[in-house]
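Chemist: Pasted the sequence and its predicted model underneath.
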Amino acid sequence: MRHFLNTADWTRSELQAMIDDARAMKAAPIGDALKDKTVALLFLNNSLRTRTSFDVGARQLGAHAVVLSPSGGMWPLEFEDGAVMDGEAEEHVKEAAAVLSRYCDLIGVRAFPKFVDWSEDRKDKILNAFAKYATVPVVNMETITHPCQEMAHVMALQERFDADDLGALDGKKFLLTWTYHPKPLNTAVANSALMIAAKFGMKSTLLCPTKDYILDERYMDQAQKDAAANGCEVTVTHDIDEAYDGADVVYAKSWGALPFFGNWEPEKPIRDAHKHFIVDEEKMRKTNNALVSHCLPMRRNVKMTDAVFDGPTCIAYEEAENRLHVQKAIMKALVRG
Ligand code: CP
């Protein structure tokens, strides 16, 4: 039995096989590959796309989806091994995962960081606890990485560049750019974007305001390792002109600087000084007519201008749609083996 926790656990060819299956299901969405199966979708955080696309995708394949969330009446959960449960939590993840495994064929988990202590959040305790105690496959629906989003992004890029050429992304210049947001956000999508770009052979650049916005070394190192295997490298720059020059893909995301994790007040002046990192037409003119995307939700005219987002090179809606198709492929691969 395998889980889908992080794309680093899967080879490029395994991921490509799931994307190929997703393309087939995009052409013919209704099937019975998961007939009479049940999936539990546990949301500890808000969602529009993930919740809807997993539920719809399960139903399109003949499965039933049960959506669970604390606001929907679920018991508060404890995740620490050996905890003395005299606080708010009524149930331990050991029981929750074991019992859900007896009702369901797959468990999806969304659990964002608590944003207090990165050394704790980077352990991804909630996801890993479900993976440890469940006896059915577990899917990461976004914790400190967002592997389903990565897969949808690559699928959208392949469709636009050349859907019939599996090497179409090799050597393309991929730019992951930090953008302003009034609040410090999760690094999950940024971690994932950099890893998948490197895994699929793109020459990747991380553009961010200062060195404090460089991502966790675990994901930087994984991206460097995958890039090296593809004869590429990952570069970091704080120079906007250099980063956009000749880019084939621009991926926009905001995130909080890890050295200020849980102590955000001193980060605010730095972030406020970099509102000009917005993706706009002037910057996009420096690119190689780049495709541009964002995982959504996105604050318009803060992270990206209307003109760019609503323009012909933006593939954010395609990427969002592809969440449905790739997640169906992931569920199939995990449940059917
Ligand atoms: N991109 C994404 O995961 O969207 P939601 O947070 O709405 O699920």
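Modeler: Looks like it arrived, so ask away.

Chemist: Just give me the longest helix of the chain.
Modeler: Using DSSP state H, we find that the single longest helix of the chain is helix 316-336.

Chemist: what's it packed up against?
Modeler: Packing partners of helix 316-336 (3 or more CB pairs under 8 Å, 6 or more residues apart in numbering; DSSP states H and E): helix 12-27, helix 49-60, strand 106-110, strand 138-140, helix 147-162, strand 291-293. (Glycine included, C-beta is placed from N, CA and C.)

Chemist: buried residues in the following helix or strand past the last one?
Modeler: Next along the chain after strand 291-293, taking DSSP states H and E as the criterion, comes helix 306-309. Buried residues in helix 306-309, counted by 16 or more other CB atoms under 10 Å: 308-309.

Chemist: contacting residues around His181?
Modeler: Residues in contact with His181 (CB atoms under 8 Å, 6 or more residues apart in numbering) are 254, 271, 299, 302-303.

Chemist: Check Leu296 too.
Modeler: Shown in contact with Leu296 (CB under 8 Å, 6+ apart): 48-49, 316, 320.

Chemist: What is the most widely separated pair among those residues?
Modeler: With CB to CB as the measure, no two of the contacts of Leu296 lie farther apart than Leu48 and Ala316, at 13.3 Å.

Chemist: picking that back up, can you narrow the contacts of Leu296 to ones near the ligand?
Modeler: Of the residues in the contacts of Leu296, proximity to the ligand by CB under 6 Å from any ligand atom holds for 48-49.

Chemist: between the contacts of Leu296, which is nearest Arg122?
Modeler: Arg122 lies nearest to Arg49 out of the contacts of Leu296, by CB to CB, at 24.6 Å.

Chemist: number of nearby residues for that closest one?
Modeler: 18 (other CB atoms under 10 Å).

Chemist: In contact with it: list those residues for me.
Modeler: 296, 320, 323.

Chemist: doesn't Ala152 make contact with the second one?
Modeler: The reference is to Ala320. Yes: between Ala320 and Ala152 there is a contact under CB atoms under 8 Å: 7.2 Å.

Chemist: With neighbour numbers in mind, choose between the two.
Modeler: Per other CB under 10 Å, whichever of Ala320 and Ala152 has more neighbours is Ala152, with 28 against 20.

Chemist: dump the residue contacts of that one.
Modeler: Applying CB under 8 Å, 6+ apart to Ala152 gives the contacts 319-323, 325-326.

Chemist: Tell me how far it lies from the ligand.
Modeler: 9 Å (CB to the nearest ligand atom, to the nearest Å).

Chemist: contacting residues for the closest residue to that residue other than its chain neighbours?
Modeler: Distance criterion CB to CB, 6 or more residues apart in numbering; nearest residue to Ala152, sequence neighbours excluded, is Asn322 at 3.8 Å. In this structure, Asn322 makes contact with 22, 26, 151-153, 155-156, 159, judged by CB under 8 Å, 6+ apart.

Chemist: Show me what from the stretch 101-250 of the chain comes close to the ligand.
Modeler: 142, 149.

Chemist: Contacts only, for the residue at minimal distance from the centre of the chain.
Modeler: Closest residue to the average C-alpha location of the chain: His146 at 2.2 Å, with CA atoms, centre = their mean. Listed by CB under 8 Å, 6+ apart, the contact set of His146 reads 140, 188-189, 191-192, 295.
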